[in-house]
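Participant: What would the 3D arrangement of this be:
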Amino acid sequence: MSDVQNKQSPYPVIHALECKACGRCVLDCPKQVLELGKVLNERGYAFAVYKGEGCSGCGNCYYTCPEPNAVEVRVPKVPKKEITEA
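Facilitator: Okay, here's the model as predicted:
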């Protein structure tokens, strides 16, 4: 995950050790913000990485991943606006 993350927008968290590099999340991402990395995890797979921006929070990567706990999508809470009566 990128360190230049804007915490006000959604972003995926890829757990490198759990990723088996099947590429389903990369193929299913409508914003194309995921890619298979060049670094291998402890199990010898080139795990998926987030490019750093552009995630819409749709969850496609999470739902298409066959590995439990390999992907999460974090969607920050939006503060409620106060409703003023006129």
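Participant: rest of the way, CA atoms for contacts and neighbours
Facilitator: Noted.
Participant: In this protein, where is pLDDT below threshold?
Facilitator: 1-6, 82-83, 86 (pLDDT under 70).
Participant: Show me which strand runs longest in it.
Facilitator: If each strand of the chain is counted by residues according to DSSP state E, the longest one is strand 34-40.
Participant: Partner strands of that one, with direction?
Facilitator: Applying DSSP bridges, strand 34-40 is found paired with strand 46-50 (antiparallel).
Participant: Mind listing what's buried along the longest strand of the chain?
Facilitator: If you call a residue buried by 16 or more other CA atoms under 10 Å, then strand 34-40 has these buried ones: 34-36.
Participant: same check, this time on stretch 26-33
Facilitator: Quick answer for stretch 26-33 (16+ other CA under 10 Å): 26, 28-29, 33.
Participant: tell me how far the ends of it are from each other?
Facilitator: In stretch 26-33, first residue to last residue: 8 Å (CA to CA, to the nearest Å).
Participant: centroid residue for this structure?
Facilitator: Nearest residue to the geometric centre of the chain (CA atoms, centre = their mean): Pro12, 1.7 Å.
Participant: I appreciate the help and will end here.
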